[in-house]
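# From the sequence below, what's the structure:
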Amino acid sequence: ECDQVHIDDVSSDDNGQDLSTYNFGTDGFPAAATSANLCLATGVRGGVDWMRKLAFRYRRVKEIYNTYKNNVGGKEAWLQLRAEIEALTDSWLTLALKALTLIHSRTNCVNILVTTTQLIPALAKVLLYGLGIVFPIENIYSATKIGKESCFERIIQRFGRKVVYVVIGDGVEEEQGAKKHAMPFWRISSHSDLMALHHALELEYL
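Numbering: from 1, shown residues only. Below you'll find the model as predicted:
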């Protein structure tokens, strides 16, 4: 129950309690929780009290994400490392961000991220790579538990079938999911693919 597909999956268990003085250090979850031991909280796993505390944690994660999506604190050293990574990858992140920013700037378009990474680590990665501004937290899904195709189904349920979905990725799983739901698939396996995507967006082919 701990690892969720979407940030709001346990929000129905949140009673809206003010968390300004709430002590997460004494809520029964390990202080330095990892994906392996996050669920070793005291109390009945899946019980009402346990689920409420878990919902509080996810609400806090959402607050932190929204606070820092434009500005991660203490980031100077990380930015230097990121610049070095960019140099080694011929600005892969910059190219991707240009395309994502163009999509995000459109009033009738949204970016949705479906990842096989667990939700909390995925959110951290999005923030660290400066992608929080183009991926609202509500548009990030973890396929760890249910697979990408099931995530696609959830997204369709949320946005409906009358909108156009374009799946962008490099894996077989997302390509098969796109095919099943009759969604166009744009494969990204090289810099030229990223540049072609940005060009197509600029010309409004996509």
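# where does this protein have its least confident helix or strand?
When the helices and strands of the chain are scored by mean pLDDT, DSSP states H and E, helix 76-88 comes last with a mean of 85.
# quick one: the strands in the chain?
Secondary structure of the chain by DSSP state E: the strands cover 113-115, 140-142, 167-169, 185-187.
# Which stretch among those is buried most, on average?
Of all those, strand 140-142 has the most neighbours on average by mean count of other CB atoms under 10 Å, namely a mean of 24. The way it works is simple: take the backbone N, C-alpha and C, and place the C-beta from them, glycine included.
# next one: that one to chain centre, how far?
Strand 140-142 has its C-alpha centroid displaced from the chain centroid by 5 Å (CA atoms, centre = their mean, to the nearest Å).
# With stretch 85-104 instead?
17 Å.
# Tell me where the model's unsure across this structure.
Residue ranges of the chain with pLDDT under 70: 1, 30-46, 73-74.
# rerun at 50
The model of the chain has pLDDT under 50 over residues 33-37, 41.
# Quick one: the helices in it, in order.
Here the chain has its helices, by DSSP state H, at 48-68, 76-88, 92-104, 119-128, 148-159, 172-180, 191-202.
# what inclination does the fifth one have with respect to helix 172-180?
Put plainly, it is helix 148-159. 50 degrees (axes from the mean of the first three to the mean of the last three CA atoms, to 10 degrees).
# packing partners for helix 148-159?
strand 113-115, strand 140-142, helix 172-180 (3 or more CB pairs under 8 Å, 6 or more residues apart in numbering; DSSP states H and E).
# could I have the longest one exported to CSV, CA atoms only?
Right, helix 172-180. Provided in CSV are the C-alpha atoms of helix 172-180 (Å, rounded to 0.1, in the frame of the first residue of the first chain):
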residue,chain,number,x,y,z
VAL,A,172,8.7,-1.7,-26.0
GLU,A,173,6.2,-1.5,-23.1
GLU,A,174,5.1,2.0,-23.9
GLU,A,175,5.1,1.3,-27.7
GLN,A,176,2.8,-1.7,-27.1
GLY,A,177,0.6,0.3,-24.8
ALA,A,178,0.3,3.1,-27.3
LYS,A,179,-0.6,0.6,-30.1
LYS,A,180,-3.3,-1.0,-27.9
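# right, and H181 touches R154 too?
No: if you go by CB atoms under 8 Å, H181 and R154 don't touch, sitting 11.6 Å apart.
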